[in-house]
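*Asks:* could you look at this predicted model? Sequence included:
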Amino acid sequence: IHGEYEAFSHVLKNGSGSVKRKIDDVFGNTLSRQDKQSLATLIYYPAEKMSRILQTEKNPDDWYKITLYRLIAVCRRAASKYTRSKIRKALPKEFAYVLEELLTERGDLQDKESYYDAIVQTIVRVGRAKAFIIALSELIQRLTVDHLHIVGDIYDRGPGPHIIMDKMMTYHSIDVQWGNHDVLWMGAAAGQMGCIANAIRICARYGNLDILEDGYGINLLPLATFAINTYGDDPCTCFQLKGSDSYSASEREMNQKMHKAIAIIQFKLEGQLIRRHKEFHMENRCLLHRIDPEKCTITLPDGKEYPLLDTNFPTIDWKKPYELSTGEKEVMERLESAFRNCEKLQKHMSLLLDKGGLYKTFNGNLLFHGCIPLNEDGSLKEVQIYGKTYKGKELYDVLEAYVRRAFFAVDNEEQRKGRDILWFIWASPNSPLFGKDKMTTFERYFIADKATHKEVKGAYYRLLENEEVIDSLLREFGL
């Protein structure tokens, strides 16, 4: 979904094409393709479509009657697979009785057509047709999607993840398999500083800082002030926005400075984290100590030297490159407090914890985001987590247990381990939600050679079409 609220909303309205299929099933060749399309659009956007049609409709009462009959027919089709009790729970209160009468086949009536006709005529006569059409359309949408699975990545890139989360909080039946971008925000909400820096950096990169400020009420002024004071004369050209043209020149400049400031903080925090957890085996992602400030180059772990596109690092102490400056520390402390104390963000994370997990088996299907860590021969890869090794389903279960500890553990050390594992899930080559050899964020900003930007996917992606391998994975999860 990646924050694309309008696209997400449209998929819910059309049930990924299910509404159109129901219209085809009901009307076959008795309606033209154009009429079917018009009816489908009415069901997706009833208020908007109706106001357009009624501007040119010469006999609105006739249109109301025909449309109501068509919608009732589609609604009956959508309701046909459910029990009466389930349908009753889905009915909008205002029209519950009338809808139940129209949707239920009455065997005790001599003249059913006249009875239903009388109801429709009355709805039109008392001026309730518009409201009734909206209620019917929304009921069809509701019945078309009985249960919604969201297989990860609600957050980042697009401008509306917070609006999507609000919608999910009121949805009738839902589950979520966390994606690495969701886990990143869970880590930020739990106060993991590496996750906080990443979440802010991605918002800055895509011109979405208003998600934090307006959507969640997180104050970015400390970061903005620090960025201006530290990078005031720096054009920060490596930190330009991706895909947003709605900013003025001064806003764009401010965004780029904040973008650079938080990126440098991120690289320091991640270096600290990797060095604290040798068992993550990610030392090759500590890059700041590999910079030669005199030559303005960096030597990557493969031994090759590259010139840097940006050589202004006023906050890096080259003797202790991963240590935050006093100003950076103050900024991060305030941001950590803002993320942890943001009521709306915590409510959204509670929904992900309550309705979500790393995987789900449902109706004989295995749902998960990303990949299952595998060796090249298709066998399950063993991954070390805090001194013990796990693979397959067991790996998912232990990672999920640590995620929950980040929020609920009473013991401070267990809580910290949980928080750090959220960052590990976000970025580690051994994470089932990432599954590439490295996350080349630094290289994308600072090195021109695109070969260094390459992130090689793990064995799972090469074995995805191998039936034997996939069968063994299903068996691993009891399917």
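*Replies:* Received the coordinates, thanks.
*Asks:* any figure for the gap between residue 432 and residue 475?
*Replies:* 17 Å (Cβ to Cβ, to the nearest Å). (Each C-beta comes from the backbone N, C-alpha and C, glycine too.)
*Asks:* hmm, I typed the wrong one, I wanted residue 263.
*Replies:* 43 Å.
*Asks:* in terms of neighbours, single out the busier of the two.
*Replies:* Remark: of residue 263 and residue 475, residue 263 carries more neighbours, 24 against 10, as counted by other Cβ atoms under 10 Å.
*Asks:* identify the residues contacting residue 5.
*Replies:* Contact analysis of residue 5 by Cβ atoms under 8 Å, 6 or more residues apart in numbering lists 158, 159, 160, 161, 163, 164, 167.
*Asks:* name the nearest residue to the fifth one, sequence neighbours excluded.
*Replies:* Sequence neighbours aside, residue 5 is the residue nearest to residue 163 in space, at 4.5 Å (criterion: Cβ to Cβ, 6 or more residues apart in numbering).
*Asks:* tell me the pLDDT of that neighbour.
*Replies:* pLDDT recorded at residue 5 is 95.
*Asks:* look up how far residue 213 lies from it.
*Replies:* 17 Å.
*Asks:* repeat that for residue 269.
*Replies:* Relative to residue 213, and taking Cβ to Cβ, residue 269 is found at 22 Å.
*Asks:* again, but for residue 75
*Replies:* Taken as Cβ to Cβ, the span from residue 75 to residue 213 is 42 Å.
*Asks:* which one's more surrounded, these two?
*Replies:* Between residue 75 and residue 213, residue 75 has the larger neighbour count (other Cβ under 10 Å), namely 23 against 14.
*Asks:* my guess is that one contacts residue 141. True?
*Replies:* No. Residue 75 is beyond contact range of residue 141, at 10.3 Å (criterion: Cβ atoms under 8 Å).
*Asks:* so what's residue 68 up against?
*Replies:* By Cβ under 8 Å, 6+ apart, the neighbours of residue 68 are 120, 123, 124, 129, 132, 133, 136.
*Asks:* between all of these, which two are separated the most?
*Replies:* 124 and 136 (13.3 Å; Cβ to Cβ).
*Asks:* for residue 322, helix, strand, or coil?
*Replies:* coil (DSSP: H, G, I helix; E, B strand; the rest coil).
*Asks:* what's the neighbour count on the closest residue to it other than its chain neighbours?
*Replies:* Beyond its immediate neighbours in the sequence, the residue positioned closest to residue 322 (Cβ to Cβ, 6+ apart) is residue 271, lying 3.7 Å away. Using other Cβ under 10 Å, residue 271 is surrounded by 21 other residues.
*Asks:* do residue 329 as well
*Replies:* Neighbours around residue 329, by other Cβ under 10 Å: 13.
*Asks:* likewise for residue 76?
*Replies:* Neighbour tally, residue 76, other Cβ under 10 Å: 17.
*Asks:* I figured the residue nearest to residue 322 hits residue 320, correct?
*Replies:* No. Using Cβ under 8 Å, residue 271 is not in contact with residue 320; the gap is 10.4 Å.
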